[in-house]
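Asks: Sequence and predicted structure, then a few things I'm wondering about:
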Amino acid sequence: MINASTRKKTTVVFLVVLLILIAIFAASLIKTDIYNRQSHSAFFTGSELFNPDEARTDLDVYVTAAARTSTWGKIFDFYDEGLTENNYQAYTYDFTVTNNSKDEVLNFTFKLEFSHEVFLASAWNGALEIHQVSADKTDKIPDLREFHPENHDLEIFSVEGDHLVVMEEGDYLIYYPSHTVNAMEMPIEPYKATTPGIILYVKMGESMEQSTIELDYKLHRFITTEPLFRVSVIAASIWLIALIIFVMTAAQIRKYQLRHERDNEIINESIETFTGFIDAKDPYTNGHSKRVATYTKMIAKELGYEGEELDRIYYVALLHDCGKMGVPDSILGKPGKLTDEEFEIIKSHTTRGWDILSSFKSLKNVGEGALYHHERYDGKGYPKGKAGEEIPLIARIICVADSFDAMNTNRVYRKRLTREQIISELERNKGLQFDPKLADIMLGLIRDNKIKIDRS
């Protein structure tokens, strides 16, 4: 059964787990935000850039470079010497920036530093920030394909109508990728790449494969790919399923409990009605069965019984005197001393009760209370003369409760005892009539005023 205490504890557990889940979710948000704010960088030498076998594929983001096979030459006659043969050659270099991670590359730039003199002719998909260190000049060109020298303070060399940006050894450019829809460079999706390109001229027989690149980038992790978020989602799903199961189960159990309580009320009312007939045979013992059942239940509760078992003990005790239905009223209400024959008839109410309850199968061992509640702990009781723990526990409890009620009520043959006399009798009969442990429990209930001795 799920009682109020259990429901409260379970509700607290669900709330605590929910708070933990919220904390995990918040932690995943914070962790993702911190991760997305971080800047990353990597440095690539010429051999790592231009040699596919040495590409830094162990990194989240890496760069490789390759020259296209198509090329052409041009005459750079710096001093008007009348040169007739091509002395510079054009190369188209593709710089592939590869996202080797499960996150997006939200942004990147790379710094390309030249190891010797080159002339920049064109570039696409992004802007170039030119740093002519030797000339102490810096400027940014949004699109080198639409380069207008008059708009920029840079060292320029013009040949055959082309305007080339001069880059000496140690000069460098910073490439900024385009964010326009047409360029489609940013962001770089997981395990995808983007390839900006540059056209430049170098002296015949030379290349730019000794140049270096420094890459700076930021990764953007979606919350859905954060491991902590996935843990929180899975845990929240389990929590929700468990909550639904608990609510549905609790509703079913509550429904059963209400039905069980109604059934118990019917059983209790039926048995109390029956025991009312028993008690009505003797006006001096009116209410005796219910009082004995109440005391029995209190003692059993002190022993640790609870729930349905405690209810069963109550009902067994309620029926302990049912055998008196077969005892003549003249004997039950006789004010004088009983004859031996009459006493034997009185004693027979134990076996009569056993016989009456023998067909009552819905209460386990219901007949034990009726049959054995007049057995004594020292073995001098009736009807079987059982002793000690041979006597069923329920009967030993009823024995104490029954004797207490007899001492605490007026009988046809005597007045009720005082509180001190009752305590004295319970103390004196420990180990004789009563189980010592059960007698001590009864004494404790009396002394703690949990069982009140009525003197009205």
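Replies: Structure's in. What do you need?
Asks: Could you list the domains of the protein?
Replies: 1-37+226-269, 39-221, 281-447 (automatic domain parsing).
Asks: export these to CSV and tack on mean pLDDT, mean neighbour count and distance to T275?
Replies: (Each C-beta comes from the backbone N, C-alpha and C, glycine too.) As requested, those are exported to CSV (pLDDT from 0 to 100; neighbours: other C-beta atoms under 10 Å; distance: least, C-beta to C-beta, whole Å):
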stretch, mean pLDDT, mean neighbour count, distance to T275
domain 1-37+226-269, 86, 13, 10
domain 39-221, 92, 16, 75
domain 281-447, 89, 18, 4
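Asks: now the ones you listed as a markdown table including distance to I453?
Replies: Output for those, formatted as a markdown table (distance: least, C-beta to C-beta, whole Å):
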| stretch | distance to I453 |
| --- | --- |
| domain 1-37+226-269 | 26 |
| domain 39-221 | 77 |
| domain 281-447 | 5 |
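Asks: Could you double-check that I278 lies in contact with L318?
Replies: No - in this structure I278 lies outside contact range of L318 using C-beta atoms under 8 Å: 9.8 Å.
Asks: what residues do those two have in common as contacts?
Replies: S289 (C-beta atoms under 8 Å, 6 or more residues apart in numbering).
Asks: Would you state the strands of the chain in chain order?
Replies: 40-44, 61-67, 72-74, 88-99, 104-113, 118-124, 126-132, 137-141, 156-159, 162-167, 172-177, 193-194, 197-203, 212-220 (DSSP state E).
Asks: Against which helices or strands is the first one packed?
Replies: Helices and strands in packing contact with strand 40-44 are listed as strand 61-67, strand 212-220; criterion 3 or more C-beta pairs under 8 Å, 6 or more residues apart in numbering; DSSP states H and E.
Asks: mind checking which of these is nearest L19?
Replies: strand 212-220 (29.3 Å; C-beta to C-beta).
Asks: what are the pairing partners of that closest one, and which direction each?
Replies: As defined by DSSP bridges, the strand partners of strand 212-220 come to strand 40-44 (antiparallel), strand 104-113 (antiparallel).
Asks: Next, give phi and psi for the residue lying closest to G385 once chain neighbours are set aside.
Replies: In this structure, G385 finds its nearest non-sequential neighbour in G379, 5.7 Å apart by C-beta to C-beta, 6 or more residues apart in numbering. Dihedral angles phi and psi of G379 (degrees, to the nearest 10) take the values phi 90, psi 10.
Asks: Next, the contact list for G379, please.
Replies: Contact partners of G379, counting by C-beta under 8 Å, 6+ apart, are 385-388.
Asks: With distance to A370 as extra columns, can I get those in CSV?
Replies: Listed next are the contacts of G379 as CSV, based on distance: C-beta to C-beta, whole Å:
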residue, distance to A370
G385, 17
K386, 14
A387, 19
G388, 20
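Asks: In terms of distance to E341, which of those residues ranks first?
Replies: Taking C-beta to C-beta as the measure, E341 lies nearest G385 of those, at 20.1 Å.
Asks: Excluding chain neighbours, give the residue nearest to N264 in space.
Replies: In this structure, N264 finds its nearest non-sequential neighbour in D311, 6.2 Å apart by C-beta to C-beta, 6+ apart.
Asks: Ok, N99 next?
Replies: Spatially, and ignoring its direct neighbours in sequence, N99 is nearest to I188 (4.2 Å; C-beta to C-beta, 6+ apart).
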